[in-house]
Structure formats: C-alpha cells, structure tokens
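Visitor: heads up, no residue letters with this:
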C-alpha cells in the first residue's frame, strides 16, 4: 500500500503476505530427552490412577475396607488428581497475568486484590507494626504442626500458608493474624515482587502484588479432595481489613485505588471456594514510611543429601522399601503356586533357586541405576523409569479386574511404593534437578 493523505483511507487494496514458515532443525524439534520424560510423566500418572482403582476395588472387601478406601482417598487426592489437574491446566489455563494466582497444580487460585509501592523491608515494617505475624515456610515440621494444631485447636500464630504462584514464582513471604487462637480461622495475605520493568494493565508500576483472604474453616478441596483451609467468599472485606489495619498502625501510609481494575466477578479459587470481588485494586504507598528494622522472615533451606529435591530422595527411598518387601511377596506366592500345581519337591527347589538368581540380577541392576540417579544422571533416571513404569502399568491393568480380597496386603503395599517412586522420579522437580546437574557437570568439564 502507498501512503494516503490524513483523513483518507488507503489508496490501494490491502494485501496479506503470509510470513515464511520457520523450520527448526530436526534434532532440536524432537528434543528426545524431553519427549521421553513426557512419556514417563504420562505413564506414571496412568499408573497412579490404576493404583487408585485397585485400592477402591480391594476396598470392597469387608475386613480391610476402611484401610483400602483411606488409601484410595490418599492416592486420589494427593497424588492422582493434582497431576491430572496439572496436565490439563497446562493446556487451558493462561500463564500470563490475568489478575489471578495459580496453585501448584495449575488451577486458578486466589485473586490478586492488593498492590504495594515500596520495598520488602517497608512491607515487613508496616505489617508487623499492624500486628501481623510472618508465616513459617512449608516444611515437614511446620506441616505436621499445623495439622495437629488444627485438630487439637491449639494456637499456631506462625502457621504456614500453602504456596500459590504468580509470575511463575511462589510467594516471597506471607503474613497472617490468627483469630481467637484457632489455626483453622485466620486472616492472611501473600506477597510477590513484580518483575523488573513490569507494568500493570493500564500502565501503573508497582513493586509488589498481594492476595489476601480469610480462612473461615478447614474442609475438603472441591477439586482435589485434599484437606485444606476454606476461605470466605467476600475477599473484598479481607482486602479492606488489611488496608485498614496497616493504615491504622502506620498513619503516614497513603492509598491509591485503581477503580475498575478488573470487572467485578464471582468465581472459585483453587480449592473450589467461591470468591467475589468488585474488581478494584488498592495500592499501598509505603515509599515514605519511616524506616525501621524488620526481623528476618524464616526461609526454608535445602539441607543435606546434596540439596537434592525431596522428589528424588523420596523416589529412591520408596524403591528401596519396595525392594525389601518383594522377596516376602513373590517367593512365597511362587512356592504356593507350585504347591497348588503339585510340582515335585526337587523341581520346586530348582525353580526357587532360579528365581533367586533372576531377582538378584534384577536388583543389582536396579540398585546401580538407583545410585546413578541419586548422583544426578538423567539417563539412569530414564532407564530406571523404563524398567518400572511399563511393568507397573501392565501389572495394575490386570489387577484392576481382580475381585476384592484376592491381593495380599504386602503385594499392594510394595506395588504402591513402586508407583509412588515412579511418580516422584518422573516429576518436574526430579527432571529439572537432573538437567541442572548435567549442565553443571558440562560447565565444570570445560
């Protein structure tokens, strides 16, 4: 087209020239290692679902029904559904800023309903002057403590909050106020720093975004069936309470409100709780706040075992436990099968000796791959997954149809350990760690 005078349209008809298609080299497009990992990720997820189905079917046996059904719920709620949600939300949930946080499973979480101009130190000073308590990081110890505190109604003012993601990162820190010494009821707010140079829709620049909600009770998540805190739907009331408490304790703090930052809406958060908001986004102006020292927020650090991710450590430990149970499960079963078939005693001894040799070779290779996986070798982790995943999928597919009571407890427990180990070693944390370990080794050899 040629330029046209102001006030007139183009002088020639518009044309469209499609851009040339860019073709990546074949090896780069295939990314073989990533594709293999994705396959194991999907197969591990399938094996977990099959394990849940086996536990449910075996739970129909009256004498062990509660044990099996509780196991079914634990596997379904804490292993199977989170991974299914993660895989599906990677497809249909946007990863750009939409004014919502994300759960670690990929579900849309609590809405962003507060912004801050100021430093992390100024936020710490303002919140602690207002009577807010920093939340402990999520560790095994703090998670166990909040469970016991909730069940026994014991005060835990520093109780951890579950991680939510914004800009692909977990909250930098969180603050809370316990209500009447009951850890099941609390005000809490999470804070995330904004990326350098990032602007809010509309062009405003802020330093932190936050999501504040009020925990009213403990219940089951609608989407994952996990035990979690249930929040009050009126998140605007919590937002306004946070603002009022900070401004009451810090009179110099000003507030700017972006009216109509988003359309007012009703929705649900990652736990399935209803939320509603008018869409306004207040901005706390902390830049003129008098400086005061703020206590350091506790941070969860990696300790021991070479700072390996918990998924790798758990996967290795679970496989070792399963390997210990295997001889007590399969050798007696083989002996019983031969007894039922009236196999001669001398032949039974030969068969059992052969099984011992086969098992010995299998476990020798298994333990070698385990050791190399524990040292960070990605190829060993993939071979280990290949040795276990396909066998588990075939075995569990056959077990699903077996009647209740036909499987021994040891067989189910041992197989469950293998399934959970494959689940852990196929996780993104395990994949990322072995990839980082490989890059570090390559850089060190140069």
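Guide: Structure received. Since the model is a prediction, treat every value here as computed from it, not as a measurement. Numbers count the residues shown, from 1 in each chain.
Visitor: could you measure from the nearest residue to residue 211 once chain neighbours are set aside over to residue 368?
Guide: Once flanking residues are discounted, residue 211 sits nearest to residue 110: 4.2 Å by CB to CB, 6 or more residues apart in numbering. Yep, even glycine has a C-beta here, placed from its N, CA and C like the rest. Computed as CB to CB, to the nearest Å, the residue 110 to residue 368 distance reads 46 Å.
Visitor: do the same with residue 179
Guide: Counting by CB to CB - residue 179 and residue 368 are separated by 54 Å.
Visitor: is it correct that the residue nearest to residue 211 is in contact with residue 232?
Guide: No - Residue 110 is not in contact with residue 232 according to CB atoms under 8 Å; the separation is 11.5 Å.
Visitor: now list whatever residues contact both of these two.
Guide: Common contacts of residue 110 and residue 232, defined by CB atoms under 8 Å, 6 or more residues apart in numbering, comprise residue 213.
Visitor: who has more neighbours, the two?
Guide: Neighbour comparison, residue 110 and residue 232: the larger count goes to residue 110, with 26 against 17 (by other CB atoms under 10 Å).
Visitor: what about that one, which SS state?
Guide: Recorded secondary structure, residue 110: strand (DSSP: H, G, I helix; E, B strand; the rest coil).
Visitor: contacting residues for it?
Guide: 100, 101, 164, 190, 211, 213, 231, 235, 269, 270, 275.
Visitor: one more: residue 182?
Guide: 153, 155.
Visitor: report the beta-bridge partners for it.
Guide: residue 179 (DSSP bridges).
Visitor: any idea how far it lies from residue 318?
Guide: Residue 182 is 36 Å from residue 318, by CB to CB.
Visitor: likewise residue 360?
Guide: Applying CB to CB to residue 360 and residue 318 gives a distance of 21 Å.
Visitor: and residue 197, by the same measure?
Guide: 44 Å.
Visitor: of these two, who's got more company?
Guide: residue 318 (20 against 6).
Visitor: give me the pLDDT value at the residue nearest to residue 211.
Guide: If you check residue 110, the pLDDT there is 95.
Visitor: contacts for stretch 61-77 next, please.
Guide: Applying CB under 8 Å, 6+ apart, the set of residues contacting stretch 61-77 is 48, 51-52, 55-56, 58-59, 221, 224-226, 404-405, 409, 412, 416.
Visitor: helices of the stretch 151-300 of the chain, residue ranges please.
Guide: With DSSP state H, counting those that start in this stretch, the ranges of helices along the stretch 151-300 of the chain come out as 235-249.
Visitor: would you confirm that residue 37 contacts residue 382?
Guide: Yes - assessed by CB under 8 Å, residue 37 is found in contact with residue 382 at 7.2 Å.
Visitor: show me the domain layout of this protein.
Guide: 31-88+307-444, 98-285 (automatic domain parsing).
Visitor: can I get these in JSON lines with distance to residue 19?
Guide: Supplementary listing: those in JSON lines, determined by distance: least, CB to CB, whole Å:
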{"stretch": "domain 31-88+307-444", "distance to residue 19": "24"}
{"stretch": "domain 98-285", "distance to residue 19": "28"}
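Visitor: mind telling me which of those domains the model trusts least?
Guide: When I compare the domains of the chain, domain 31-88+307-444 is least confident, with a mean of 84.
Visitor: return the distance of that one from the chain's centre.
Guide: Chain-centre distance of domain 31-88+307-444: 21 Å, with CA atoms, centre = their mean, to the nearest Å.
Visitor: what's the answer for stretch 146-159, then?
Guide: For stretch 146-159, the distance to the chain centre is 23 Å (CA atoms, centre = their mean).
Visitor: pull up the distance across that stretch, start to finish.
Guide: Start-to-end span of stretch 146-159 (CA to CA, to the nearest Å) is 6 Å.
Visitor: what are the contacting residues of it?
Guide: Counting by CB under 8 Å, 6+ apart, 133-136, 142, 145, 160, 176, 178, 181-184, 186, 218 sit against stretch 146-159.
Visitor: give the buried residues for that stretch.
Guide: Using 16 or more other CB atoms under 10 Å as the test for burial, stretch 146-159 gives 146, 149, 150, 156, 157, 158, 159.
Visitor: just give the closest residue to the residue nearest the centre of the chain, not the sequence neighbours.
Guide: Nearest to the mean C-alpha position of the chain, counting by CA atoms, centre = their mean, stands residue 104 at 3.8 Å. Leaving aside its sequence neighbours, residue 104 sits nearest to residue 163 (CB to CB, 6+ apart; 5.8 Å).
Visitor: what's the neighbour count on residue 419?
Guide: So residue 419, with other CB under 10 Å, has 28 neighbours.
Visitor: what's the distance between residue 388 and residue 230?
Guide: From residue 388 to residue 230 the distance is 38 Å (CB to CB).
Visitor: so of the contacts of stretch 146-159, which ones are in strands?
Guide: Among these, the residues falling in strands (DSSP state E) are 133, 134, 176, 178, 182, 183, 184, 186, 218.
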